[in-house]
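Trainee: could you work out the structure for the sequence below:
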Amino acid sequence: MASDDGSRPDLAAVPDAVFRLDAGGRFTYVNAAAELLLERRADQLLGRRARNCFPATVNTIAEERYQQTLGDGVAREFDYFYEPQGRWYEIRVFPDPPGISVFFRDVDSRHRADAEREAELGRLTSVLEALPSATVLVDERGRIVTGNRAWMDSRARPELGLGVPGSDYLAAVQRGLAPADAEAIAAGIRALVAAPAERADTFEHEYARSTPTTTGWFRMQASRVEHSTRVVVTHTDVTERVRGEQALAWRARHDDLTGLPNRSTLLDLTAEALAAGPDDDGAGAALIVLDLDGFKTINDSLGHGIGDQLLRQVGHRLAGALRPGDAVGRLGSDQFVVLAHRCHTSDAADLAFRLQGTFTRPFPASGISVPLSASVGVAVAQPDARDPHQLLSDADAAMFAAKSMGRDRVRLFSPGLREAARWRLEVATRLRDEAIDQLVVHYQPVVRLDTGEVEGVEALVRWQHPERGLLAPDTFLAVAEETGQIIPITRWLLRETTRRAAAWAAEGLPLRMAVNISARHFSAETLVRDVRLALRESGLAADQLVLELTETSIAEDPTRAEDQLTVLRRAGVRVAIDDFGTGWSSLAQLFSLPIGTLKIDRSLLVAAERVTGGEGGAVLAAIVALTRTLGIRSVAEGVETVEHLRMVREAGCDLVQGWLLGHAMPGDDVPRWVRSVQEAGGDACAIAAAATSVPTAP
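Mentor: From the prediction side, this is the model:
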């Protein structure tokens, strides 16, 4: 109740600015706080109508709310911008019959701060909308303030765990996450909010989220808004990148062709198996290396497409033959390796034979059936073994020994094979470096059977090893063949032998020179060029050079061999088939080549002697008759006894060579030996027979 001077004792303690209007809108009370905000003294306002004192309020929301409260007696609260002062006020109107009481306070700073925040939010929203990734603005309470279109797009909700504005961001985004990812994100957001306002910290985390149909990967980047407690969080879909990285990682550890683990992966798995050591029964890890026999021939003849099909099938069959827990991988080319766990030697051998048995059935590919076999090497780890490379090397040495035994074999590793492997490595290394300068050539005479005249020599390469002495070809040429070094060795041999033959011819000894050629030379397709170059540089007549090839070397690629040999034969170079009787080529295929000479292997001579006794010449005669019908000369190799000489003479062979007639000798000794034969009558066969005959008692 107001006193006569307009004071209101009940409103005196109110801290807000307060004034009272009667039903006619006249001031009946104004406290001191109101005088300050209204910029009028109470005596200037009391008794006067408000709209007259403050004409700027006429027909405004303030006057409208006053009239509404006077009319219905309902209190009202609103914000009001008073234009003359340019300030915002918070106004509360209460019924106070017969008038109203008005409480108001200056909220201009708060209102402007809110407006600035709204403007900032608008600017942030515009920025967020420009971002392609799903982005959200989170306040200090963890509530979502706003999100851009990518965030709000309903199609992204199953993957992102989308929350709508006003909802709890962490609760929304953590749904379906792994516990570790959920905790990491929560801790990161809390740390950003708690950081001092002047710091603009950031937080990043990658996580995976799975839905019933797919799994996606996302990169979360959170940053504090400068001078604010709000946090901007961006979720970028990195699924394609992660899947690409996973694919690259998978390819780095697997063979592209077969999908099997590659060499590196198998070595890692082997290292883990060795680190675990043997079990309580002493069973440990074992490696089984399988090398496909003659696969290069299949690849070259049938094409790499079929070759790839076969390799995939081999991998599939091997995987199907494994025990639970074992692994198979591809070392590369046509080699596979199996890691077997908990193996004794007998277990590893059994598994090796089972794996070998997978090759008993041919492999179908592009409508044809291809037979395959494999040479298998087995190495079982010793209890203290820890080096996977050594175990693989041991298994590889055993495989190489199996292949040397005749292919399609299984061989267990033994310590002696390790020394053989070291020797192969030394040979392979030295043949690439200085060893080619340590090679020497010995020459074995080739004699005519009808006259005993020395017609020519066969060049036999030797290695004058600095520590081991003079080495026979079978100690190093197989490695040279395997590594491809046989080609530079043969080039050197062609140059050396043609030069030597030309020098002998100049001395009056026109000896025909026979040089062995590897199948590798056909594949390299440089044989024609290398022969022509050697002949041109030496000056040797082409018909004085004989190229000797084995049946098996021709059988690997008969078409390519025939093409190159035909070119050389037309140039005058002679061609001989060496070691006839040891290979598996068909006669039709063999005699379709431009062959001038057939060399009958010693093993065929010995076999004929054993089977038919003294009538072995009849078997040889059939072979010689066949060659003669085709216009091909025959050479009997390995003649070591007078009986051998008799057999090949009766069979009708044209030429003969062997220890009986003459051992292989250095080049400087050849002219002296030939002249000694000539001085003794010129019949090397008669001289050899006489030298071995035992005189009878008179």
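Trainee: what about Ile687, how many neighbours?
Mentor: By other C-beta atoms under 10 Å, 18 other residues sit near Ile687. For the C-beta atoms, the positions are set from N, CA and C on the backbone; glycine is no exception.
Trainee: OK, contacts around it?
Mentor: Ile687 makes contacts with Gly452, Val677, Ala680, Gly681, as judged by C-beta atoms under 8 Å, 6 or more residues apart in numbering.
Trainee: find the pair from those with maximum spatial separation.
Mentor: Within the contacts of Ile687, Gly452 and Ala680 form the most distant pair, 10.0 Å apart (C-beta to C-beta).
Trainee: what about the two, which has more around it?
Mentor: Ranked by neighbour count (other C-beta under 10 Å), Gly452 and Ala680 place Gly452 first, with 19 against 12.
Trainee: quick revisit: narrow the contacts of Ile687 to those in helices?
Mentor: Val677 (DSSP state H).
Trainee: which stretches of the stretch 151-300 of the chain have low pLDDT?
Mentor: Residue ranges of the stretch 151-300 of the chain with pLDDT under 70: 152-163, 197-200, 211-212, 227.
Trainee: all helices for it, in order.
Mentor: Assigned by DSSP state H, counting those that start in this stretch, the stretch 151-300 of the chain shows helices spanning 157-160, 169-173, 179-194, 239-253, 263-276, 295-302.
Trainee: out of the ones you listed, nearest to Leu37?
Mentor: Minimum separation from Leu37 across those (C-beta to C-beta) falls at helix 179-194, 37.2 Å.
Trainee: who's in contact with that closest one?
Mentor: With C-beta under 8 Å, 6+ apart, helix 179-194 has contacts from 138, 140, 142, 169-170, 173-174, 177, 201-203, 205, 207-208, 220, 222-224, 229, 231, 233.
Trainee: mind telling me which residue is nearest the centre of the protein?
Mentor: With distances taken as C-alpha atoms, centre = their mean, the residue of the chain nearest its centroid is Ala252 (4.0 Å).
Trainee: tell me the contacts of it?
Mentor: Ala252 sits next to Ser264 when contact means C-beta under 8 Å, 6+ apart.
Trainee: hmm, 7 Å instead?
Mentor: With C-beta atoms under 7 Å, 6 or more residues apart in numbering as the criterion, no residue contacts Ala252.
Trainee: filter the contacts of helix 179-194 down to the buried ones and hand me the PyMOL line.
Mentor: Selection of buried members from the contacts of helix 179-194 for PyMOL, criterion 16 or more other C-beta atoms under 10 Å:
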select buried, resi 138+142+169+170+173+174+177+203+207+220+222+223+224+231+233
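Trainee: in strands only, show me the contacts of helix 179-194.
Mentor: Among the contacts of helix 179-194, DSSP state E puts Val138, Thr202, Phe203, His205, Tyr207, Ala208, Met220, Ala222, Ser223, Arg224, Val231, Val233 in strands.
Trainee: a markdown table for the residues you listed, including distance to Arg361?
Mentor: Below are those laid out as a markdown table (distance: C-beta to C-beta, whole Å):
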| residue | distance to Arg361 |
| --- | --- |
| Val138 | 66 |
| Thr202 | 63 |
| Phe203 | 60 |
| His205 | 54 |
| Tyr207 | 49 |
| Ala208 | 44 |
| Met220 | 55 |
| Ala222 | 61 |
| Ser223 | 65 |
| Arg224 | 69 |
| Val231 | 66 |
| Val233 | 61 |
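Trainee: one step back: nearest to Phe103, out of the helices of the stretch 151-300 of the chain?
Mentor: Proximity to Phe103 (C-beta to C-beta) singles out helix 179-194 among those, at 36.0 Å.
Trainee: closest to Val479 out of the ones in strands among the contacts of helix 179-194?
Mentor: Taking the ones in strands among the contacts of helix 179-194 together and measuring to Val479 by C-beta to C-beta, the closest member is Ala208, at 51.4 Å.
Trainee: you'd agree that closest one is up against Thr215?
Mentor: Yes - if you go by C-beta atoms under 7 Å, Ala208 and Thr215 touch, sitting 5.9 Å apart.
Trainee: now the helices of the stretch 151-300 of the chain in a markdown table, with distance to Gln68?
Mentor: Below are the helices of the stretch 151-300 of the chain laid out as a markdown table (distance: least, C-beta to C-beta, whole Å):
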| stretch | distance to Gln68 |
| --- | --- |
| helix 157-160 | 45 |
| helix 169-173 | 41 |
| helix 179-194 | 43 |
| helix 239-253 | 59 |
| helix 263-276 | 82 |
| helix 295-302 | 98 |
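Trainee: between the ones you listed, which gets nearest to His521?
Mentor: When the helices of the stretch 151-300 of the chain are compared by C-beta to C-beta, helix 295-302 sits nearest His521, at 14.1 Å.
Trainee: would you mind getting the angle between the helix or strand that comes right after that closest one and helix 295-302?
Mentor: Once the chain leaves helix 295-302, the next helix or strand it forms, by DSSP states H and E, is helix 304-320. Interaxial angle, helix 304-320 versus helix 295-302 (axes from the mean of the first three to the mean of the last three C-alpha atoms, to 10 degrees): 140 degrees.
Trainee: show me the two of the ones in strands among the contacts of helix 179-194 that sit farthest apart.
Mentor: In those, the most distant members under the criterion C-beta to C-beta are Ala208 and Arg224, with 25.8 Å between them.
Trainee: sec struct for the closest residue to Leu274 other than its chain neighbours, please.
Mentor: Excluding the flanking residues, the one nearest Leu274 by C-beta to C-beta, 6 or more residues apart in numbering is Arg386, at 5.1 Å. Assigned by DSSP: H, G, I helix; E, B strand; the rest coil, the conformation of Arg386 is coil.
Trainee: picking that back up, I'd like the distance between the residue nearest to the centre of the chain and Thr265.
Mentor: 9 Å (C-beta to C-beta, to the nearest Å).
Trainee: likewise for Thr135?
Mentor: Thr135 sits 40 Å away from Thr265, going by C-beta to C-beta.
Trainee: more neighbours, those two?
Mentor: Neighbours per residue (other C-beta under 10 Å) separate Thr135 from Thr265, with Thr135 holding more: 24 against 17.
Trainee: surely that one is within a helix?
Mentor: No - Thr135 is assigned strand when assessed by three-state DSSP, not a helix.
Trainee: show me the contacts for it.
Mentor: Residues near Thr135 by C-beta under 7 Å, 6+ apart: Leu128, Gly147, Asn148, Ala150, Trp151, Val232, Val233, Thr234.
Trainee: dump these into CSV; add distance to Ala56 as well.
Mentor: Below are these laid out as CSV (distance: C-beta to C-beta, whole Å):
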residue, distance to Ala56
Leu128, 40
Gly147, 41
Asn148, 42
Ala150, 47
Trp151, 44
Val232, 42
Val233, 46
Thr234, 48
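Trainee: which of these has the most neighbours?
Mentor: Going by other C-beta under 10 Å, Trp151 tops these with 26 neighbours.
Trainee: please, where are all the helices along the stretch 501-650 of the chain?
Mentor: Going by DSSP H, counting those that start in this stretch, the stretch 501-650 of the chain shows helices at 519-524, 527-538, 551-556, 558-570, 587-590, 602-612, 617-629, 642-651.
Trainee: lowest average pLDDT across those?
Mentor: If you rank these by mean pLDDT, helix 587-590 sits at the bottom with a mean of 58.
Trainee: hang on, the earlier thing: state the pair within the contacts of Thr135 that is farthest apart.
Mentor: By the measure C-beta to C-beta, Ala150 and Val232 form the most distant pair in the contacts of Thr135, at 13.4 Å.
Trainee: just give me the closest of the contacts of Thr135 to Ala23.
Mentor: Comparing those against Ala23 with C-beta to C-beta places Gly147 closest, at 51.5 Å.
Trainee: and the helices of the stretch 501-650 of the chain: which comes nearest Asp668?
Mentor: With distances scored as C-beta to C-beta, the stretch of these nearest to Asp668 is helix 527-538 (17.3 Å).
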